[in-house]
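1. Fold the following and give me the result.
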Amino acid sequence: MRVDATRNLERVLSTGARLLADDPSVSMAAIAAGAGVDRRTVYRRFASREELLAAVYQARYDAVEEVVDAARLREAPVTVALHRYVEGVIAVNRRWPVETSRLLAEETLRERRRRLIDEVDRFLRRATDEGLLRSDLPPGWLAAILPSLMLHAAEKLPELSAAQAADVVVDTLLRGAGMS
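-> Below you'll find the model as predicted:
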């Protein structure tokens, strides 16, 4: 793909994510206008609004998978991995603010989501086994609240960088669920 075509695609996808988060019924024409490209440019790449939406979700999952890999949840020290993961997901939530549960009927996305959840669950068990997190909490509780903390940090703390917002989330998680 040419450099300008790649840049246009990235603008269409990121603009689509932002506009779809604000209004799930936003038109392709509005997304094209928001991205600063001609509507025909969008329709050449995406035959329908559903195809564009699927591409936005794919891009979001790609970004989350990159975060999980970069955080090194299996081998990095737990506190380092936790902060890397939280910071990365906050950045993804800000860049791709769409709710992915709407496309979970699509098998590929559902499987990707399941793999990511399993990886984070393993990490949280590791953090618990190493004594960083309390072991007396109900099963699955931390896995249920961590995504909410990251989502709220991305939305409610816009004045903070992703790293600073991650500091808040990690501190909240560890002081509210930590051993100390």
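2. what about A163, distance to A30?
-> Separation of A163 from A30 (C-beta to C-beta, to the nearest Å) stands at 33 Å. All C-beta spots, glycine's among them, are computed from the backbone N, C-alpha and C.
3. correction: V98
-> Per C-beta to C-beta, V98 is found 15 Å from A30.
4. So if I had to pick from the two, which one is more boxed in?
-> V98 (21 against 15; other C-beta atoms under 10 Å).
5. thinking that one is in contact with T15, fair?
-> No: assessed by C-beta atoms under 8 Å, V98 is found out of contact with T15, at 11.6 Å.
6. and A70, what is it in contact with?
-> R84, G88 (C-beta atoms under 8 Å, 6 or more residues apart in numbering).
7. Looks to me like it is in a strand.
-> No: secondary structure of A70 (DSSP: H, G, I helix; E, B strand; the rest coil): helix, not part of a strand.
8. Report the separation between it and V80.
-> Plainly put, A70 is 11 Å away from V80 if you go by C-beta to C-beta.
9. what's the helix or strand for the nearest residue to L157 once chain neighbours are set aside?
-> Take L157 and drop its neighbours on the chain: the residue closest to it by C-beta to C-beta, 6 or more residues apart in numbering is A165, 4.7 Å away. For A165, the host element (DSSP states H and E) is helix 162-177.
10. chain center to that helix, what's the gap?
-> In terms of C-alpha atoms, centre = their mean, to the nearest Å, the centre of helix 162-177 is found 17 Å from the chain centre.
11. got the buried residues for it?
-> Counting neighbours by 16 or more other C-beta atoms under 10 Å, one finds that the buried residues in helix 162-177 are A162, A165, A166, D167, V168, V169, V170, L173, L174, A177.
12. No more questions from me, cheers.
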